[in-house]
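> Below are the sequence and a predicted model for it; my questions follow.
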There are 2 protein chains.
Amino acid sequence: MKRKPRHSKQRYEARAAIAKALAHPTRLIILEALDGQEMCVCDLTDLVGADQSTVSKHLAVLKQAGMVEDRKEGVMAYYRVKVCCLQGFWECIETVLAENLKAHQAMLK
Amino acid sequence: MKRKPRHSKQRYEARAAIAKALAHPTRLIILEALDGQEMCVCDLTDLVGADQSTVSKHLAVLKQAGMVEDRKEGVMAYYRVKVCCLQGFWECIETVLAENLKAHQAMLK
DNA sequence: TGGCTCTATGGCAATTATAGCATATATTGA
DNA sequence: TCAATATATGCTATAATTGCCATAGAGCCA
């Protein structure tokens, strides 16, 4: 059966942009750390062990994608998760990883 | 509160690799088209309107990530979705997009 | 005011991703 | 066998991503 894309090119690009924001290990660490709490850039920098400017840029990517929002308090910037559906992401990704592992092990036999 | 990453670096890289496979509009079109049915490369090529080799490479990316699997029948290759949790992905992404749109509209006022 | 801290940004180099062309491989059928 | 079709793979040019350094801006406090 042949098909046409159901949505516009722009729609798929917007969707891909969201997925792209999730497509970096450091940003996944950040999102997980922000699960249920806010943290400042300095603590996130300690957490991921990269340069502060690098962390700041990752946070900008997440913010641009609408995944997090920030709050300024004095000189500090506190970030928190803005979306509620990340749990489903993690579960799905873990499912895929488990499947891949299983398939890989089966292939070794 | 300070935190340490809950998982290993490799774990986050593996997760990011899955997300990365979803981070391209063409691959999203393909996955959506393969929702509930298998399709050959030729029809997918028509669908996305790119070079056949480009589509083949996108399919290789999705296959490598474990999102799709293929079946060879004669000279044809039929691909189908291998994971069951994509619906949650689409819904979450649409939720984020809707939130972003709302926030953007609010900002224009 | 001046120094200190925290965060964001500009710039650059290195790496990675992407697209299409050309081509290789494999299957089918005349 | 030969031609035609479907798919996969090198290859190259281009674009995007990433990390860190240097630095700018802003708040805080002596």
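Yep, it's here.
> residue in chain A nearest to DNA strand D?
Across chain A, the shortest distance to DNA strand D (C-beta to the nearest atom of the strand) belongs to A:Gly74, at 2.8 Å. Using the backbone N, CA and C atoms, a C-beta is placed for each residue, glycine as well.
> Run through the residues that contact that residue.
Residues near A:Gly74 by C-beta atoms under 8 Å, 6 or more residues apart in numbering or on different chains: none.
> Can you get me a residue count around A:Cys84?
A count of nearby residues for A:Cys84, using other C-beta atoms under 10 Å in any protein chain shown, gives 11.
> what residues are up against the residue sitting nearest the centre point of chain A?
Closest residue to the average C-alpha location of chain A: A:Leu22 at 3.1 Å, with C-alpha atoms, centre = their mean. Neighbouring residues of A:Leu22 by C-beta under 8 Å, 6+ apart: A:28, A:31, A:67, A:89, B:16, B:19, B:23.
> any chance of those residues in JSON lines, plus neighbour count and secondary structure?
Below are the contacts of A:Leu22 laid out as JSON lines (neighbours: other C-beta atoms under 10 Å in any protein chain shown; DSSP: H, G, I helix; E, B strand; the rest coil):
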{"residue": "A:Leu28", "neighbour count": "24", "secondary structure": "helix"}
{"residue": "A:Leu31", "neighbour count": "21", "secondary structure": "helix"}
{"residue": "A:Met67", "neighbour count": "24", "secondary structure": "coil"}
{"residue": "A:Phe89", "neighbour count": "23", "secondary structure": "helix"}
{"residue": "B:Ala16", "neighbour count": "20", "secondary structure": "helix"}
{"residue": "B:Ala19", "neighbour count": "22", "secondary structure": "helix"}
{"residue": "B:Ala23", "neighbour count": "21", "secondary structure": "coil"}
